[in-house]
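Chemist: Just need the structure, nothing else, for what follows:
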Amino acid sequence: MFKRILSNLLPLLLCMPYMLTISNAVASEKAYTLASGEVLHDPTKPVGWGKRHVVSQARQNHHFTLNYIRLDSGHKTAMINGKKVIEGSQVSGAIVSKIKQSSVTLLLNGERKVLRINKMLQMKRR
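Modeler: Modelled structure (predicted):
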């Protein structure tokens, strides 16, 4: 029994230092330097990988697309930016304040923004 356990664990124990070296190399984001001073970078690493991009709320470009409005038996729902919303819910940082038959009013940073349904031109039948 002991020999069986040892025979199963021995390959893992022998590979452990190699596995730890690989995981440490992957986890560390440092570049390797040759004796000549040349710095080696990973050519497969995507540009900007690991850099954090911070976008402040004031600089965000809020774009809203009103997909549809549905009014039936007192229930008012709309879809904005692909998200189903009701009055009082939030979408992309804005609060849905009013849903009407052809428009939705949003409150964004204390300002009102009205989204309207674009009426499609009807196709003529031949």
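Chemist: need the next SSE after the helix or strand of the chain with the lowest mean pLDDT, C-terminal direction.
Modeler: Of all helical and strand segments in the chain, the minimum by mean pLDDT, DSSP states H and E falls on helix 2-27, at a mean of 58. As assigned by DSSP states H and E, the chain's next helix or strand after helix 2-27 is strand 32-33.
Chemist: Can you give the strand pairings for that next one, parallel or anti for each?
Modeler: With DSSP bridges as the test, strand 32-33 is paired with strand 39-40 (antiparallel).
Chemist: residues in contact with the partner strand?
Modeler: 31, 32, 33, 34 (CB atoms under 8 Å, 6 or more residues apart in numbering). Where C-beta positions appear, they are placed from N, C-alpha and C, glycine not excepted.
Chemist: ok, those residues vs residue 110, which is closest?
Modeler: Nearest to residue 110 out of the contacts of strand 39-40 is residue 31 (CB to CB; 47.0 Å).
Chemist: what's the closest non-adjacent residue to residue 102?
Modeler: Spatially, and ignoring its direct neighbours in sequence, residue 102 is nearest to residue 117 (5.2 Å; CB to CB, 6 or more residues apart in numbering).
Chemist: Domains in this structure, by residue range?
Modeler: 2-40, 62-116 (automatic domain parsing).
Chemist: got any ranges where the chain has weak pLDDT?
Modeler: Flagging of the chain using pLDDT under 70 yields the residue ranges 1-2, 6, 9-30, 53-61, 119-126.
Chemist: Repeat the analysis, applying 50 as the threshold.
Modeler: Applying pLDDT under 50 to the chain flags the ranges 20-28, 59, 121.
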